[in-house]
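1. next one to model:
(4 chains)
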Number of protein chains: 2
Amino acid sequence: MENGRRQQLKEQNRVTLIEATLDSIAEIGFARTSVSEIIDRANLSRGMIHLHFGGKDALVEEAAKYSSADYYDSLDGLLQTAGPEPQERIEAIIRSDLSERVLNKRTVSLWYAFRGESRERETIAAYSDTRDARLRNLAFDAFLKIARQTDLPDPETTAKDATHGLLALLEGMWTDFLLHPESFDRDTAMRTIFRFLSALFPSFFALQGAVRRDREHR
Amino acid sequence: MENGRRQQLKEQNRVTLIEATLDSIAEIGFARTSVSEIIDRANLSRGMIHLHFGGKDALVEEAAKYSSADYYDSLDGLLQTAGPEPQERIEAIIRSDLSERVLNKRTVSLWYAFRGESRERETIAAYSDTRDARLRNLAFDAFLKIARQTDLPDPETTAKDATHGLLALLEGMWTDFLLHPESFDRDTAMRTIFRFLSALFPSFFALQGAVRRDREHR
DNA sequence: AATTAAAATGGATGATCGTCCATTTAATGT
DNA sequence: ACATTAAATGGACGATCATCCATTTTAATT
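-> Residues are numbered from 1 along each chain as shown, chains lettered A, B, ... in the order given. Predicted coordinates:
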C-alpha cells in the first residue's frame, strides 16, 4: 500500500523534475531556465510542475535544497577518510572541498547561480551558504585543539581567525575555479592554502599537507 | 559643435539608463530586471534602450563594464594613499577592498549577479573578475619584494602563493559579506587576513597591518 | 523665423512566460 | 473484469517580455 508502484512513479517524476531544473540552471543559467525548458528536459508534461510543487518558484527552491544536500553528502563521505589528529581533519576538509567530486563545473555553476538569486530569496540563501555552521564548527574544533598546543597567545581568537580565513580561502578558490576554469589547478590551490596554514602552525602543517605528530615530543 | 547641448543630453540619457539598470539588478536581481523596469526607473521612453544600445543585452553589458570601471576607480583612488614600502601597498589593497566605498551591499549584489550570469555570457565574465591581472600584478610585485628580503626558499613561488592566497581571502570575505551582511565585521576580516600574512612574513606584517621598517636592521 | 535633422516617444507586435484545469491515463481496490 | 481514484497530460489563458518604427519633439543651422 505504502510505496506501491504508484508512489514510486510519483517520486521518480519529482526527482526527474528537480534534476532537470538543476541541469538547466547549471547549463543555461537562472534567467533562461523556464518552465518550458524544464519540462522539455524532463520529458514530462507542462502541468507536472504545478502538480508536484505548486509552481516554478517552489520547484527551484526544492532544487536548491536538493543540491545543497548533495554537496554535504559528498563532503561527509570524503571527511570520513580523515585520521584522528586535528590537522588531518583540516586537511580532509581542504581536500574534500577542492576534490573533483565537490568542486566541478556543474556544482560551481549551480552555486553561483543560487548565490546570484539569494539576495532576493532568503529561502535560497539558506541553501547556498556552503560554509555553514556545520563545517565552521568542524574546522573551529580542530583549529582550537591545534592552537592550544602552540604557545600562541589567545588560542580561541587564533582558532577563530584560522577558521574564518580557511573558509574564506576555500570560497576564493571556488571563485577562481568559476572565473578561470581552464587555468585553475587543484594542486596549486592546495599548496597555497597549506602555505598559509604552515606559516601559522609550522609544526602541524607543511606545504604538502598535515604533519603527523604520532609521537608527542614530551 | 562637438559636445553641444544635444550631445550632452544624449550622453546624460545613456548614463541614466546604465545607472537605472545597475540599480535594478542590485535591488531586484537579474531575472526581474526587465526593459519596463529599467525605463521606469530611468523615467525615459521605451525606445531609448534600442536607440542607444541596440537592445537590452547590450545595455546590460555596458552596465557591467561601467560597474567594473567604477570599482577600479574606487580602488585606484584608495591605493594612492599607500606608502612606498611593499607591505604598505599590500595593506592599502586590503583596506581598499574591504572599505565601505568598495565593499557595500550594492557593489556586492551587482558583483554576484554578474557572476551568476558570467558562465553564459563571456563578455560579462571579463568584467566580473575583480581580481584581474592589474590587481594581481600589483600584489605580486609587492610580495616578491618582501619575499626576497626573507630567508624563505624560492621567493617567486612564495610570492605567487601569497598573491593567490590574498586574492582568494579577499574573495572569500566578499562572499561572507554577501551571505551574512548583518554579522560581517570589517575589522575582523582585516585581522584575519593580517593573521595569515603576519604568520608568513612576521617582520613585515602584524595583526594590525603593515609593519614600517624605515630603519633597516643592518 | 523657417528649415533641417537628430533624438526621443510610446503604442503595436509577436513571442514567451507561469499558471491552471478539463480531460485522459493507468495503478489500485473490489 | 469492473469500478475507483490518484496521477499525468497538454492546450488555453492572461500577463509580461524585448523589439521595432511611425510619429513627435526639439536642438542646431540657415
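
2. can you map out the helices along chain A?
-> Here chain A has its helices, by DSSP state H, at A:5-32, A:35-42, A:48-53, A:56-79, A:86-98, A:105-118, A:122-127, A:133-148, A:155-179, A:186-200.

3. quick one: the fourth one near DNA strand C?
-> Yep, that's helix A:56-79 we're talking about. Yes: using C-beta under 7 Å from any atom of the strand, helix A:56-79 comes into contact with DNA strand C via A:56, A:57. Just so you know, the C-beta spots here come from the backbone N, C-alpha and C atoms, and that holds for glycine as well.

4. could you list the buried residues of that helix?
-> Across helix A:56-79, burial judged by 16 or more other C-beta atoms under 10 Å in any protein chain shown covers A:59-64, A:66-68, A:71, A:74-75, A:78-79.

5. now mean pLDDT and distance to residue B:45 too, for the helices of chain A, in CSV please.
-> Shown next, in CSV, are the helices of chain A (pLDDT from 0 to 100; distance: least, C-beta to C-beta, whole Å):
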stretch, mean pLDDT, distance to residue B:45
helix A:5-32, 94, 25
helix A:35-42, 97, 31
helix A:48-53, 97, 37
helix A:56-79, 91, 32
helix A:86-98, 94, 50
helix A:105-118, 89, 29
helix A:122-127, 81, 35
helix A:133-148, 94, 50
helix A:155-179, 96, 37
helix A:186-200, 98, 50
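
6. quick revisit: and the buried residues of helix A:56-79, which is closest to residue B:12?
-> Nearest to residue B:12 out of the buried residues of helix A:56-79 is residue A:60 (C-beta to C-beta; 38.7 Å).

7. which ones are touching the residue nearest to that closest one when sequence neighbours are not counted?
-> Nearest residue to residue A:60, sequence neighbours excluded (C-beta to C-beta, 6 or more residues apart in numbering or on different chains): residue A:21, at 6.4 Å. If you count contacts by C-beta atoms under 8 Å, 6 or more residues apart in numbering or on different chains, residue A:21 has them with A:33, A:38, A:59, A:60, A:63.

8. now do the contacts for the third one.
-> By that I understand residue A:59. A:17, A:18, A:21, A:38, A:49, A:52, A:53.

9. distance-wise, check the second one relative to chain B.
-> I take that to be residue A:18. Counting by C-beta to the nearest C-beta, to the nearest Å, the separation of residue A:18 from chain B is 19 Å.

10. can you give me how far stretch A:54-70 is from the chain middle?
-> How far stretch A:54-70 lies from its chain's middle: 16 Å, per C-alpha atoms, centre = their mean, to the nearest Å.

11. kindly export it (C-alpha atoms) in PDB.
-> Provided in PDB are the C-alpha atoms of stretch A:54-70 (Å, rounded to 0.1, in the frame of the first residue of the first chain):
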ATOM      1  CA  GLY A  54       2.600  24.200  -6.800                       C
ATOM      2  CA  GLY A  55       4.700  26.400  -9.100                       C
ATOM      3  CA  LYS A  56       8.000  27.100 -10.600                       C
ATOM      4  CA  ASP A  57       9.400  29.000  -7.600                       C
ATOM      5  CA  ALA A  58       8.800  26.200  -5.200                       C
ATOM      6  CA  LEU A  59      10.400  23.800  -7.600                       C
ATOM      7  CA  VAL A  60      13.500  25.900  -7.800                       C
ATOM      8  CA  GLU A  61      13.600  26.100  -4.000                       C
ATOM      9  CA  GLU A  62      13.400  22.300  -3.800                       C
ATOM     10  CA  ALA A  63      16.200  22.100  -6.300                       C
ATOM     11  CA  ALA A  64      18.400  24.300  -4.200                       C
ATOM     12  CA  LYS A  65      17.700  22.200  -1.200                       C
ATOM     13  CA  TYR A  66      18.400  19.000  -3.100                       C
ATOM     14  CA  SER A  67      21.700  20.400  -4.400                       C
ATOM     15  CA  SER A  68      22.800  21.500  -1.000                       C
ATOM     16  CA  ALA A  69      22.100  18.100   0.500                       C
ATOM     17  CA  ASP A  70      24.100  16.600  -2.300                       C
END
